[in-house]
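Student: Quick check, what structure comes out for this input:
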Amino acid sequence: MTFDELVKLMPGIEQASQMAAAWWLAHQVRQLALDFSVASPVCIEVGTWCGFTACAMADAGGRVICVDTFDGRDDQTKERTAAVHKEGHPPLERFLANGLALGSGRVLAVVGESPKVASLLPPGCAHLVFIDADHAEPAVSADLYAWGDRVKSGGVLCGHDWEQGGVQRAVRAYSETHGWPLVTAEPDQLWWMRRPPGT
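Tutor: The predicted structure is shown next:
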């Protein structure tokens, strides 16, 4: 099954505000495959919920590691998590169903706290890291510092929900501290920075 076919089967709540991010991430994966001359770029998604954007990256050829507690504890996901629980399908169950429907074998769920999981992986292990977890400033900052070093030189560190004040403050501070040029696409609520080659 392709991602386009999978989208048609997903409830609207899973697609909310994520379609532009999904297409953008798929494009990034394809471009990174060319830039690094690899067939399957390694992508890490921090905060995956039901795996909508993860499936887009996998369909584009990425091998995607998805890190989430799957408990909807942050304010951003409490309402959506309650909705899918009410339907009888908790987020982790929905995530697994989406990944299996895609059928690529390229999506892996890691259930755990973001910084703890990051500490288990070596520096420079990922071509792309997409952060879309807790949007409170301290949490975003913790995710950036936990995962930024996991991005390969020349790779992409990016995220969603740029309209959130906590996201903006944490991302700007990280960009300025590390000297990684920041780009935002405010209509799509995306932000990204490429790790400068040689760093």
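
Student: give me the number of residues near residue 150?
Tutor: Using other Cβ atoms under 10 Å, the number of residues around residue 150 comes to 21. All C-beta spots, glycine's among them, are computed from the backbone N, C-alpha and C.

Student: Could you shift the numbering so residue one becomes 49, and keep it that way?
Tutor: OK, 49 is where the count begins now, so the last one is residue 198.

Student: got a pLDDT number for it?
Tutor: As summarised for this prediction, residue 198 has a pLDDT of 98.

Student: ok, now which ones touch it?
Tutor: Residues touching residue 198, when contacts are defined by Cβ atoms under 8 Å, 6 or more residues apart in numbering, comprise 92, 166, 169-174, 177.

Student: Weed out the non-buried ones from the residues you listed.
Tutor: 92, 166, 169, 173-174, 177 (16 or more other Cβ atoms under 10 Å).

Student: Could you pick out which of the residues you listed are located in strands?
Tutor: Under the assignment DSSP state E, these contribute 92, 174, 177 to strands.

Student: Please tell me how far the last one sits from residue 148.
Tutor: From residue 177 over to residue 148 the distance is 24 Å, taken as Cβ to Cβ, to the nearest Å.

Student: And for residue 200?
Tutor: Distance of residue 200 to residue 148, computed by Cβ to Cβ: 29 Å.

Student: Who has more neighbours out of these two?
Tutor: Per other Cβ under 10 Å, whichever of residue 200 and residue 148 has more neighbours is residue 200, with 19 against 12.

Student: Give me the nearest residue to residue 106, chain neighbours excluded.
Tutor: With sequence-adjacent residues excluded and distances taken as Cβ to Cβ, 6 or more residues apart in numbering, residue 106 is closest to residue 154, at 4.0 Å.

Student: Between the ones in strands among the buried ones among the contacts of residue 198, which sits nearest residue 246?
Tutor: Distance ranking of those against residue 246, using Cβ to Cβ, places residue 174 first at 17.5 Å.
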